[in-house]
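K.L.:
Please find the sequence and the predicted model below.
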Amino acid sequence: MEKHRAIPKGYMTVGELAKKMGVTVRTLQHYDKEGFFSPSAESEGGRRLYTDKDLIRLHQILALKHLGFSLEAIKNRLIPLDTPTEVAKVLTEQAAHIKKEIQSLSQAYEEIELLKAEVIQMQSVDFKKYADIITNIQMKNEFYWLIKRFDEPMLDHIKEHFTMEASMEFMRRFENLGNKIFSLQKENIPPDSDAAQSLAASFWEMVLEFTGGDMSMFSKLMKFTEADKSGNKWEKKQATINAYIGLALDIYFAKSGQNPVMEGSKEIE
């Protein structure tokens with residue numbers, strides 16, 4: 001590096017270069033320290049001096065940095081390239097990398113919006129439940145929004161007895177059964193009909209599968225639709241299902257001679 005007593009014509013100080021290129025002096029000092037972009041000369045007083053050639057090189061670096069390349073990639077991969085084909089290959093790889101980042105950011109944006117809606121509905125701060133919701137959203141569990149309706153013992157019970165895949169499959173079966181029950185109610189099929197009693201039997205089997213015989217979990221299972229009083233479409237439908245299946249279960253238990261110990265079971269009526 002050349003040394004100069006003063007700043008000769010054709011040279012710029014680090015401050016002048018930074019101003020021309022719209023970067024900070026600190027950025028240029030960092031580039032120099034890393035051996036990435038060093039000045040062509042230096043004054044005897046220790047001032048860094050740059051030429052127009054340095055300015056062009058910095059312009060190239062900033063342009064590539066704008067495309068998402070790291071300083072290391074620019075220094076070690078792009079600058080040494082000699083042919084258009086080599087440069088195009090690196091640019092193709094960078095385009096693929098950026099596309100993947102865009103997809104990841106888009107997914108993160110959607111997850112944030114979904115979580116925000118759940119947080120507002122919960123009307124309380126519960127970071128443990130937030131984490132459960134995020135995990136379920138990332139796992140593409142379409143029933144993630146139900147999490148806010150379960151208390152901690154219920155969530156612990158689900159985690160202990162079901163894998164993520166198993167819980168999703170259970171909820172799909174439960175929802176399908178609920179749709180069948182809802183259809184019977186809408187068609188005014190009596191709760192004591194063969195069709196209703198068959199669904200009551202299936203419903204009770206699923207309850208036992210979910211609770212493992214723990215009836216405290218049964219009452220929680222049947223009450224979770226009441227956790228949010230906003231009266232949305234799903235809740236109204238579930239209330240109809242609960243009322244109908246409650247009647248059907250009373251008849252089912254009476255006919256079968258069963259006397260299940262269900263704390264709070266009448267709450268489904």
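P.N.:
On my side now, so go ahead.
K.L.:
which secondary structure elements does the helix or strand that contains Glu118 contact?
P.N.:
Secondary structure assigned from DSSP states H and E places Glu118 in helix 84-122. With contacts taken as 3 or more CB pairs under 8 Å, 6 or more residues apart in numbering; DSSP states H and E, helix 84-122 sits against helix 127-138. C-beta here means a position set from N, CA and C on the backbone, and glycine is covered the same way.
K.L.:
tell me which residues of the helix holding Glu118 are tucked away?
P.N.:
Val90, Gln94, Leu114, Leu115, Glu118, Val119, Met122 (16 or more other CB atoms under 10 Å).
K.L.:
and what of stretch 202-216?
P.N.:
Buried residues in stretch 202-216, counted by 16+ other CB under 10 Å: Phe203, Trp204, Val207, Phe210, Thr211, Met215.
K.L.:
and if you look at stretch 36-55?
P.N.:
Residues Phe37, Pro39, Ser40, Ala41, Glu42, Ser43, Arg47, Arg48, Leu49, Tyr50, Asp54 are the ones in stretch 36-55 that count as buried (16+ other CB under 10 Å).
K.L.:
in terms of contact, does Phe37 touch Thr27 like I think?
P.N.:
No. Using CB atoms under 8 Å, Phe37 is not in contact with Thr27, being 9.4 Å away.
K.L.:
pLDDT weak spots in the stretch 51-200 of the chain?
P.N.:
In the predicted model, the stretch 51-200 of the chain carries pLDDT under 70 at residues 79-82, 135-136, 139, 141-146, 149.
K.L.:
on that earlier part again, out of the buried residues of stretch 202-216, who's nearest Ser256?
P.N.:
Distances from Ser256 to the buried residues of stretch 202-216, taken as CB to CB, are shortest for Trp204 (9.3 Å).
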